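Engineer: generate a structure from the sequence data that follows.
(chains A and B)
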Amino acid sequence: MATLGELAKLIRSKNAGPFNLTFDIMFETEEAYRRVVGSNAVTKEVIRRLYRVPEEKILLVHHDAARAIKVSIPRPVPSCDLEDGDCYGGQQYGPLVDLEIPGA
Amino acid sequence: MPEIRVLSPCGVIGSGFPEGSLERGLSLKPHVIACDGGSTDNGPHSLGTGAPNFSRAATKRDLRLLLRGGRRLGIPVIVGSCGTAGGDAGLAWMRDICLEIAREDGLAFPLALVHSEQDKAYLRRRLREGCIRPLDPAPPLDEGVLDRSAHIVGMMGDEPIAKCLDGGAEVVLAGRASDTSLFACHPVRLGADRGLAWHAAKILECGAACAVSRPRPDGVFCWLRDDHFVVEPLNPGMRCSPQSVASHTLYENTDPFHITEPAGVLDTSRATYAAEDDRAVRVQGSVFRPAETYTVKLEGAELAGYQSVIIGGVRDPYILRRLDAWLDGIREGFAGRAQEILGVPDPQYRLFIRVFGRDAVMGPLEPRAGEIPHEAGLLFEVTAPAQETANALAATLAHFALHYPIPEWSGLISSLAFPFTPAEIEKGPVFRFNLNHVVVPDGPCEMFPAETLEVKP
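Structural biologist: Residues are numbered from 1 along each chain as shown, chains lettered A, B, ... in the order given. The predicted structure is shown next:
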């Protein structure tokens, strides 16, 4: 067992325009990337649970050349609207860091 | 096709790239220097007010180096999304800086200014014709939204800029433009493969952000050839790897394989990335798929009100245990107090309270919102139609909240630790983004009129 934070070289979030949030989970080695992809620990279902967003609104892709898992969801509030707390969307990845990844 | 070389000095003008990196780039004989000047990342304030995000001094320093370099080599210099939001105010601000540099440095060149601020009458007509379409997710749109907007810009493609270059412009300052258009424009004019040119543009637009690590804002260089392109950081201390370059298609995009531009979609799903040497990467296989309909994305900002805010901390375990109920009590009690003392009824202002240490950062996305912290930072935000009203409400609120009781204690308490005096801070006007839509124009240049000036020292 390891956490996603331990296996990734970078987990980040950012606006993709003012109305969407995007998460990049990037790995240094092919081994770590394959382990996480193969573990099925980062799926639309997991993102739906962590971020309470309907699965049909989630885009999740595996980018092999970048050794990255990318997830995009709509923002609950547009960037810097009155009730938004994260203008750049840069601190929305926290719940992913401690996600437990089964396996060696 | 002959080799086409593109210099990207940094991700955004005004961020301050090293002069040595630019010099190295110039020594590689680029055909064009392009640089982005804006973003929506820092929120709607810049579009709402016209105020740029970077200082005039820092922007002037960067632009001076680019203009001198471009004039020395006799190549075009393109700067897009001028003044952060790219509205007319931002474009005029950048034009004045450019003219000042030309005067001070004795530079002469044909200058083109491409406007992106949109005429509301034009947009009303397009809306009635059904030629404005929502993206997903989009706020509701009617003519009232257009009327309320402080400013609306269209995001131009490469065509309005190319038209200026065709007309002989040697410096192009553009309003809001897609970052990629600035870098794809000249190579596409010179006959580069569109898939490669747009993919290279996507890598170039953030300067050295495509490097393995980027300790400071810096530049990259690109060689576009028949069936591939090569990118390399300008700073000898930085390097690109196949993974770092591939990763850059992830940045600030929802979909790394399909990147939408006004004229079509860049498809990178079959792109391959290989090390050219230990610092440069060769990319092949990207395809540009023209769209059936040309679309221009709109960005709009409207005034949401005027704010005054209060920062305070709570350490009392009893208050923390019942924090939501305590804050609800403050909201309700303050509504009565605002009506009684200031004659301002609840619907005329808005009070939003953030709890730092619990869910202020993620709000409705926070999975751990129910946990009780040992201390909490509270940010009270009062928004009203006038600044004077917001200030008066905040001053009354600070006093009201400071002494708001809890049942566990009998007697007067002081429940908030204020780091400042006065506790309330005037924050000024606040804006919100109100458009995530595209327009279907009759042609790529219809929404982007250009003017040319013959700049003389």
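
Engineer: so what's the residue of the stretch 51-200 of chain B found nearest chain A closest to, chain neighbours aside?
Structural biologist: Per CB to the nearest CB, B:P137 is where the stretch 51-200 of chain B lies closest to chain A, at 4.6 Å. The way it works is simple: take the backbone N, C-alpha and C, and place the C-beta from them, glycine included. Closest residue in space to B:P137, ignoring its immediate chain neighbours: A:P74 at 4.6 Å, by CB to CB, 6 or more residues apart in numbering or on different chains.

Engineer: for the most centrally placed residue in chain A, give the beta-bridge partners.
Structural biologist: In chain A, the C-alpha nearest the mean C-alpha coordinate belongs to A:F23, at 4.0 Å (CA atoms, centre = their mean). Taking DSSP bridges as the rule, A:F23 bridges to A:S13, A:V71.

Engineer: pull the contacting residues for it.
Structural biologist: A:I11, A:R12, A:S13, A:K70, A:V71, A:S72, A:Q92, A:Y93, A:L96 (CB atoms under 8 Å, 6 or more residues apart in numbering or on different chains).

Engineer: can you add pLDDT, distance to B:G20 and neighbour count and give those residues back as CSV?
Structural biologist: Shown next, in CSV, are the contacts of A:F23 (pLDDT from 0 to 100; distance: CB to CB, whole Å; neighbours: other CB atoms under 10 Å in any protein chain shown):
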residue, pLDDT, distance to B:G20, neighbour count
A:I11, 97, 33, 18
A:R12, 96, 29, 18
A:S13, 96, 33, 21
A:K70, 97, 34, 24
A:V71, 97, 38, 24
A:S72, 97, 37, 21
A:Q92, 97, 37, 26
A:Y93, 97, 35, 22
A:L96, 97, 38, 23
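
Engineer: where does the residue nearest to B:E371 when sequence neighbours are not counted land in three-state SS?
Structural biologist: In space, and not counting its chain neighbours, B:E371 is closest to B:R358: 7.0 Å by CB to CB, 6+ apart. The three-state label given to B:R358 by DSSP: H, G, I helix; E, B strand; the rest coil is coil.

Engineer: quick check: B:C206 touching B:G11?
Structural biologist: Yes: judged on CB atoms under 8 Å, B:C206 makes contact with B:G11 at a distance of 4.1 Å.

Engineer: for B:V32, which non-adjacent residue is closest in space?
Structural biologist: Closest residue to B:V32 apart from its sequence neighbours, by CB to CB, 6+ apart: B:H186 at 4.0 Å.

Engineer: quick check: mean pLDDT of the stretch of helix or strand the one you found belongs to?
Structural biologist: Assigned by DSSP states H and E, B:H186 belongs to helix B:179-189. For helix B:179-189, the mean pLDDT works out to 98.

Engineer: C-alpha coordinates for whichever helix or strand comes after that helix, PDB please?
Structural biologist: Heading C-terminal from helix B:179-189, the first helix or strand you meet, by DSSP H and E, is helix B:194-204. Output of helix B:194-204 as PDB, limited to C-alpha atoms (Å, rounded to 0.1, in the frame of the first residue of the first chain):
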ATOM      1  CA  ARG B 194      -1.000  23.000 -39.400                       C
ATOM      2  CA  GLY B 195      -1.000  20.100 -37.000                       C
ATOM      3  CA  LEU B 196       2.600  20.600 -36.200                       C
ATOM      4  CA  ALA B 197       2.400  24.400 -36.100                       C
ATOM      5  CA  TRP B 198      -0.600  24.400 -33.700                       C
ATOM      6  CA  HIS B 199       1.000  21.700 -31.500                       C
ATOM      7  CA  ALA B 200       4.300  23.600 -31.400                       C
ATOM      8  CA  ALA B 201       2.300  26.700 -30.500                       C
ATOM      9  CA  LYS B 202       0.600  24.900 -27.600                       C
ATOM     10  CA  ILE B 203       4.100  23.900 -26.300                       C
ATOM     11  CA  LEU B 204       5.600  27.400 -26.900                       C
END
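
Engineer: helices or strands next to helix B:194-204 in the packing?
Structural biologist: Packing contacts for helix B:194-204, counted by 3 or more CB pairs under 8 Å, 6 or more residues apart in numbering or on different chains; DSSP states H and E, involve strand B:4-8, helix B:179-189, strand B:220-224, strand B:229-233, strand B:258-261, strand B:264-267, strand B:281-284, strand B:287-290.

Engineer: one more pass at 7 Å, please.
Structural biologist: With contacts taken as 3 or more CB pairs under 7 Å, 6 or more residues apart in numbering or on different chains; DSSP states H and E, helix B:194-204 sits against strand B:4-8, helix B:179-189, strand B:220-224, strand B:229-233, strand B:264-267, strand B:287-290.

Engineer: packing partners for the second one?
Structural biologist: Which is helix B:179-189. If contacts are counted by 3+ CB pairs under 7 Å, 6+ apart, helix B:179-189 sits against strand B:4-8, strand B:32-38, strand B:77-84, helix B:159-166, helix B:194-204.

Engineer: again with the fifth one
Structural biologist: Contacting strand B:264-267 under the criterion 3+ CB pairs under 7 Å, 6+ apart are the following elements: helix B:194-204, strand B:258-261, strand B:287-290.

Engineer: what does the first one give?
Structural biologist: Contact partners of strand B:4-8 among helices and strands, from 3+ CB pairs under 7 Å, 6+ apart: strand B:32-38, helix B:179-189, helix B:194-204, strand B:220-224.

Engineer: what comes up buried for it?
Structural biologist: B:I4, B:R5, B:V6, B:L7, B:S8 (16 or more other CB atoms under 10 Å in any protein chain shown).

Engineer: give me the mean pLDDT for that strand.
Structural biologist: In this model, strand B:4-8 has an average pLDDT of 98.

Engineer: related to what we said a few turns ago, rebuild the helices and strands packed on strand B:4-8 as TSV, extending it with mean neighbour count.
Structural biologist: Listed next are those as TSV, based on neighbours: other CB atoms under 10 Å in any protein chain shown:
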stretch	mean neighbour count
strand B:32-38	29
helix B:179-189	27
helix B:194-204	27
strand B:220-224	25
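
Engineer: output the strand or helix carrying A:I25 as CSV, restricted to C-alpha atoms.
Structural biologist: Here A:I25, judged by DSSP H and E, is contained in strand A:20-26. Extracted C-alpha coordinates of strand A:20-26, given in CSV (Å, rounded to 0.1, in the frame of the first residue of the first chain):
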residue,chain,number,x,y,z
ASN,A,20,-13.6,24.2,-15.4
LEU,A,21,-11.1,22.6,-13.1
THR,A,22,-8.4,20.2,-14.2
PHE,A,23,-6.2,17.8,-12.3
ASP,A,24,-2.8,16.5,-13.5
ILE,A,25,-1.4,13.4,-11.7
MET,A,26,2.1,12.9,-13.1
